[in-house]
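Engineer: can't give you the sequence, but here's the structure:
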Ligand SMILES: Nc1ncnc2c1ncn2[C@@H]1O[C@H](COP(=O)(O)OP(=O)(O)OP(=O)(O)O)[C@@H](O)[C@H]1O
């Protein structure tokens, strides 16, 4: 196994005494695609928010490349090379796909959108923005306003915005949620393409996506790690079948 790029030790988050994440140890190997799965309410989103600095842990630690990043603000974490996909679909309906990516490229952390837009400034990012749109299959949609993009293409645009940061670690929160079969296949191919040279952490309900992409799977239940391993190993684990996969695998 390659060394971990992202590590959590004893990570915990309580909400008014409720243990949403409860002592999680996690090793994300550099260059891997690592899926976090588990039933609703298992703590996946909370863990995701802890890893990206959007929530401060109640206890435990997070290290990136061996450096302690526990409790750092999201923009600091992003600047260190950890980016997440955002649900940007409702933010700027009239802004084109290209402009979205240009805005992301000009914001040093990808987090601080600027509401003034100077064509001159953004023009500097045009080529890179078009290349990123091409990477996610949106080359033909560069001048289309976000609101006019079909659902699957909006999600592809979110991915292009996250990639604008050129992150070493890319966290994707349910990248195929709400997608039809065709868009799911396209997204699987897309993640395969963008994983080159990166580490990808994926919260995903769709087991087909996990089976296709994940080198490693961590199953969470009740805020704790239930099982971790390769997909086949995890899928066959009786504890997992009981807790989750049996039901979720019934062909979603
Ligand atoms: N801000 C919050 N305040 C109080 N409780 C919260 C908060 N965020 C999450 N929780 C609770 O923590 C638990 C874990 O939630 P979380 O969203 O992390 O689960 P999840 O595994 O991502 O679930 P899903 O698959 O449904 O998105 C849930 O019981 C949820 O109600």
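Structural biologist: Arrived safely. Just so you know, these numbers come straight off a predicted model, no measurement behind them.
Engineer: Show me how this protein divides into domains.
Structural biologist: 1-80+200-252, 82-166 (automatic domain parsing).
Engineer: quick one: residue 234 and residue 219 touch, right?
Structural biologist: Yes - under the criterion of CB atoms under 8 Å, residue 234 makes contact with residue 219 at 5.9 Å. To be clear about C-beta, it is placed using only N, CA and C from the backbone, and glycine gets the same treatment.
Engineer: Please see if stretch 9-20 touches the ligand.
Structural biologist: Yes - Stretch 9-20 lies within reach of the ligand by CB under 6 Å from any ligand atom, at 15, 18, 20.
Engineer: buried set for that stretch?
Structural biologist: 11, 12, 13, 19, 20 (16 or more other CB atoms under 10 Å).
Engineer: mind listing which of the residues you listed are in strands?
Structural biologist: Per DSSP state E, strands hold the following members of the buried residues of stretch 9-20: 11, 12, 13, 19, 20.
Engineer: What residues does this protein have near the ligand?
Structural biologist: In this structure, the chain approaches the ligand at residues 15, 18, 20, 38, 40, 41, 42, 43, 44, 45, 46, judged by CB under 6 Å from any ligand atom.
Engineer: Could you find the closest non-adjacent residue to the last one?
Structural biologist: Right, residue 46. Among residues not flanking residue 46 along the chain, residue 20 sits closest, at 4.3 Å (CB to CB, 6 or more residues apart in numbering).
Engineer: Secondary structure element holding the closest residue to residue 142 other than its chain neighbours?
Structural biologist: Of all residues not flanking residue 142 in the chain, residue 98 sits nearest, at 4.1 Å (CB to CB, 6+ apart). Residue 98 is part of helix 97-106, with elements assigned from DSSP states H and E.
Engineer: Quick check: which helices or strands does that helix pack against?
Structural biologist: helix 119-123, helix 126-135, helix 151-163 (3 or more CB pairs under 8 Å, 6 or more residues apart in numbering; DSSP states H and E).
Engineer: Next one: the residue minimising distance to the centre of the chain from the ligand, what distance?
Structural biologist: By CA atoms, centre = their mean, the chain has its centre lying nearest to residue 172, at 1.5 Å. Separation of residue 172 from the ligand (CB to the nearest ligand atom, to the nearest Å): 13 Å.
Engineer: okay but that residue is in contact with residue 83, surely?
Structural biologist: No - look at residue 172 against residue 83 with CB under 8 Å: they stay out of range, at 9.8 Å.
Engineer: Common neighbours of the two, please.
Structural biologist: residue 162 (CB atoms under 8 Å, 6 or more residues apart in numbering).
Engineer: quick one: contacts for residue 181?
Structural biologist: Residue 181 touches nothing, counting by CB under 8 Å, 6+ apart.
Engineer: Quickly note the distance from it to residue 102.
Structural biologist: 32 Å (CB to CB, to the nearest Å).
Engineer: Thanks a lot, see you next time.
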